[in-house]
Each structure stands twice: as structure tokens, then as C-alpha cells.
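A.B. asks: model this:
(one chain, ligands or ions: 1)
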Amino acid sequence: QSGARVRRAHSKVPQYLERGVDVKFSDVAGLGNIRVELEEIVKFFTLGEMYRRRGVKIPGGILLCGPPGVGKTLLAKAVAGEAGVNFFSISASQFVEIYVGVGASRVRALYQEAKENAPSVVFIDELDAVGRERGLIKGSGGQERDATLNQLLVCLDGFEGRGDVITIAATNRPDILDPALVRPGRFDRKIYIPKPSLIGRVEILKVHARKKPMADDVDYVAVASMTDGMVGAELANIIEIAALNMMRDGRPEITTDDLLQAAQIEERGILDKKNRSQEMWKQLALNEAAMAVVAVNFPDLKNIEFVTIAPRAGRELGYVRFKMNHMKFTEGMLSGQSLLDHITVQIAPRAADEIWYGEEQLSTIWAETSDNARSAARYFVLSGLSEKYHGLSKFWVADRINDIDIEAMKLLNSCYDRAKEILRRNKELVDVTVDRLIEKKSIAKQEFFHLVEEYGHLEPMPKSI
Ligand code: ADP
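C.D. replies: Have a look, this model is predicted:
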């Protein structure tokens, strides 16, 4: 009797199941080899039994880290879509309720459904909403959150190594997660998804253009150049706005002009949201001045178009536009030395923060550029450019991953020292650039080079290697 009742209760319509998820990896663009890592997850579903028999550990959960709109949800859906399994999703902010126990019971229900409909992907958006370090929030709200988090940990442990229910979570704040969440067997795979590069933006625009009547001669590179700092969600929006434009004018095709106009509309919408404090302007100015002053020392990067802290689409921070070697970049002809210079520039804001504000007061304004530096350093090692792993050439050998990180870290440290050295030597130049930036928000090429001439102490141009 009671057994039958239980079964009936469980076979009710699943609440968290998203039907008709038909996303494929080909719908996700501009992520480079991040996609490869996710493709591996698909294999856990399709070849799970084989993996288990050979004693290969199946990851407990995958944590996708990155700013909003870069495609984290899309990727999770693509994993389910490619593997042909069910997709369950919830936003962790839905877990957090006023009444103690509600959140925890939702977590239980979610996993119950996922298990009954296995194989499945469980996607938890905004994990930080519930995954903040326990005990930090006082009062009953805190207790409720802790209870929910504890339940989540129990559920994650229940599926460890089984491979028929895989949890993918998304967050923009991996740094504030409870350490228990990222322990082995839980979210033990962290994948960072940065904002797309120029080439990434071209690819994303093209993916969204697939189903639209585009003119044959659309210049995607021009649109991508205009949209520096924008994420996939914003780029998808641009295509939609452009399509509306075309419809309104009664034309049959979307043109480059439609897209450029749409980009401006999208950008203005974002600009309206900006509002900064005096302190923020100052820190931004130091950030950008440091990058520009370091860059001007390097042959491939010294060609600076402008330095600005004026708000720009999709970017919280400022902006130094290098008229650098996009050609070299796309053709993979960037020399090892240029890449090191690039890393040094990206790490410069952090070095400047240490010099100007002292170790104690490090802000986090440079987090984005430091991330760039980190991935570039890894790329350097993986491309077989480092001394230790010369010629390794992207061979992703699992047991070397640790060594690769150590090697990348060494590289970062030496770039950091180099940035500090250049900044110390050019303290005055940085200071006047900061003042000028705060006053005018943007400095054009000519003006910046006047300052460099007057106050700069440049490195003698090195022989390239
Ligand atoms: P996130 O989960 O990181 O906030 P989403 O996956 O929800 O971002 O992205 C929202 C939408 O933006 C997607 O449904 C898709 O249309 C578009 N988009 C975002 N990133 C990409 C990408 N890398 N490639 C193609 N489209 C993207």
C-alpha cells in the first residue's frame, strides 16, 4: 500500500526538468579549447561504464566560472544535448527561502527527479547564492542557507563516481564558495570562461547569424572590433536588434550597417548603467595607465591608439587599445617574447596596485586582467614555448597538469617582477597619465606619446627571439 503511494508520488511530472533542450556544441562559439574539456564530460555519459571498469575517476561536479552572459548555461545544455540525456535546472537563488528547510527539500526533490530520470545533467545557476562559506551570515537566513548547502553536499556525495547524474554549476564568484563545495568528489573541476576575444566575438556573431538572412558581404570583424568587452548574450542581442532594423526598413537582408548600428544601441543601453565614485575613477586610471606605460616598452604592443577610463560596453573597467598584431594573433605567429610582453602588460595593474597602494590594500580591480595573464601564461606553457616543456605543444597530458600550472606560475612571477621594475622606473609617467585620465577620461595616441617623451624611461628595445 504505502509502497505504491511512494511510487505514485515520485512518478509525478518532474518539476525541474527542462524539456526539448536541443543545444549542441556547434551552438556555442568562441570558447576555444574549453569546449574540449566539456566534450570529455559527454564521454562520461556515453562511455561511463568503460571508464568505471578501468578505474578512471568520474568527476563529481563541474563548476563553470565566469561573468554573466558568456554562455555557461548554454554550455551545460550542450553537454546534455550532445549526450542525449535529460537536463534539470534550477537557480540557486530559488533555494534560498525564508523558511528553514524549504531550500533543503527543494535540493532533495531536484536530485530525486534527476535520479529517476537518469542519465541526466543537473544545472545549478548562481551557485554562490547558496554556496557561500557557511556560518558567515547571521540569523535565520544564514541558518537556512547553511541547511540548504549541507543538503546539497549530501546529494553531491550520493552521486560521486556514478556518472549517471552529473552536476554542472555556474558562478561568477568561485572565490567566495564554501571550501567544502570544491573538495574532491564534489565540484572538483573548475572551468573558467572568460569574455570572448576578437576572434571569439566573430565566431559568436556568426553562430547567431546562421538562422538570419545576412548579406553576403557582412564584415563580422568590423562588428567584433566595435564590441570589445561584450559577451555572447550581448552579441546575440545585436543580431536580434539588427534583424528588427532590417524588418522595419522592409529590406530582405541584414547588412554590416545594421549590425554596427545595433552594436551602438546595445552599447548605449549598457552605458546608462554606469555610475562611478571618485575613488573608483582613481583606481581605474591607475589600472589603465599602468598597462599603457608598460606596453609602450614592448615592440609589438607599443602602438597604442588611446587610453581611456570612459565607460564602455560590457566592460566594468577601463581600456587601453593597442593597435597590435591581430594579424599575427589570428595566424598564430605571435612570438614567445611577444606573448611574455603581453602577460607583463596584463599583470601590470596588479603590480601598480602593490606599488601605489601597498601590499595591504590590494583592490580587486585588476582581477580581469590578471585572469588574462594567467590564461596566457598557461597557453605559453601548453604551446611548448617554456624552457622546461619546450615543444610540448598543447599535449594535454593529465599527470602533467600540475607541473604545467607550476611552470605557468613561475612565468607569471617573473612577468610580475618585470612589470614592477618598469613601473618603478616610470613612476612619474604613470602619475601624470593618471591625472590626465581622471581629468579627461580619455587620452588619444598623440597626447600619450607626448607624455611618454617628456616623462618616460623606456627599456631599450630588445632583440626579438
Ligand atoms: P551565462 O549562463 O554565462 O550567464 P547564457 O548561457 O545564459 O550565459 O547566455 C545567454 C545567451 O547568450 C545564450 O542563450 C546564447 O544565445 C548567447 N551566448 C552566450 N554565450 C555564447 C557563446 N559562447 N556562443 C554562442 N552564444 C552565446
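
A.B. asks: could you check how far L152 is from I166?
C.D. replies: As judged by CB to CB, to the nearest Å, L152 and I166 stand 15 Å apart. For glycine as for every other residue, the C-beta is placed from the backbone atoms N, C-alpha and C.

A.B. asks: got phi/psi on the nearest residue to H342 once chain neighbours are set aside?
C.D. replies: Distances taken as CB to CB, 6 or more residues apart in numbering put A376 closest to H342, at 6.0 Å, once the chain neighbours are dropped. Main-chain dihedrals, A376, degrees, to the nearest 10: phi -70, psi -40.

A.B. asks: burial count for A376?
C.D. replies: Residues near A376, counting by other CB atoms under 10 Å, number 21.

A.B. asks: for it, give me the pLDDT.
C.D. replies: With respect to pLDDT, A376 scores 77.

A.B. asks: quick one, what contacts it?
C.D. replies: L339, H342, I343, Q346 (CB atoms under 8 Å, 6 or more residues apart in numbering).

A.B. asks: what parts of the chain come near the ligand?
C.D. replies: Within the chain, the residues that sit near the ligand (CB under 6 Å from any ligand atom) are 28-31, 68-74, 170, 204, 207, 232-233, 236.

A.B. asks: of the residues you listed, buried ones?
C.D. replies: 28-31, 69-74, 170, 204, 207, 232-233, 236 (16 or more other CB atoms under 10 Å).

A.B. asks: looking at those, which is nearest G384?
C.D. replies: L31 (21.9 Å; CB to CB).

A.B. asks: need phi/psi at the closest one.
C.D. replies: In terms of degrees, to the nearest 10, the main-chain angles of L31 are phi -110, psi 0.

A.B. asks: isn't it right next to G71, touching?
C.D. replies: Yes. Between L31 and G71 there is a contact under CB atoms under 8 Å: 6.9 Å.

A.B. asks: check contacts around D341.
C.D. replies: Contacts for D341 (CB under 8 Å, 6+ apart) come out as A295, F298, P299, D300, L301.

A.B. asks: how about I309?
C.D. replies: Counted by CB under 8 Å, 6+ apart, I309 has contacts W281, L284, A285, N287, E288, G318, Y319, L437, I438, K441, S442.

A.B. asks: over to Q15?
C.D. replies: By CB under 8 Å, 6+ apart, the contact list for Q15 reads A109, E113.

A.B. asks: can you give me the distance of the closest residue to the ligand within the stretch 101-250 of the chain to L74?
C.D. replies: Going by CB to the nearest ligand atom, the ligand is nearest to G232 of the stretch 101-250 of the chain, at 2.1 Å. According to CB to CB, G232 stands 7 Å off from L74.

A.B. asks: buried set for stretch 245-256?
C.D. replies: Neighbour counts over stretch 245-256 (16+ other CB under 10 Å) mark N245, M246, I254, T255, T256 as buried.

A.B. asks: so the residue nearest to the spatial centre of the chain, which of the three states?
C.D. replies: Centrality entry for the chain: nearest residue to the mean C-alpha point is P194, 2.3 Å, by CA atoms, centre = their mean. Classification of P194 by DSSP: H, G, I helix; E, B strand; the rest coil places it in coil.

A.B. asks: my read: it touches C65, true?
C.D. replies: No. Contact criterion CB under 8 Å: P194 and C65 do not qualify, at 9.6 Å.

A.B. asks: hey, what's in contact with both of L31 and G71?
C.D. replies: Shared contacts of L31 and G71, defined by CB under 8 Å, 6+ apart, are found at I193.

A.B. asks: could I get the contacting residues of the residue nearest to the centre of the chain?
C.D. replies: If you count contacts by CB under 8 Å, 6+ apart, P194 has them with G66, V70, D371, N372, S375.

A.B. asks: hang on, the earlier thing: just the buried residues of the contacts of D341.
C.D. replies: Neighbour counting by 16+ other CB under 10 Å classes A295, F298, D300, L301 among the contacts of D341 as buried.
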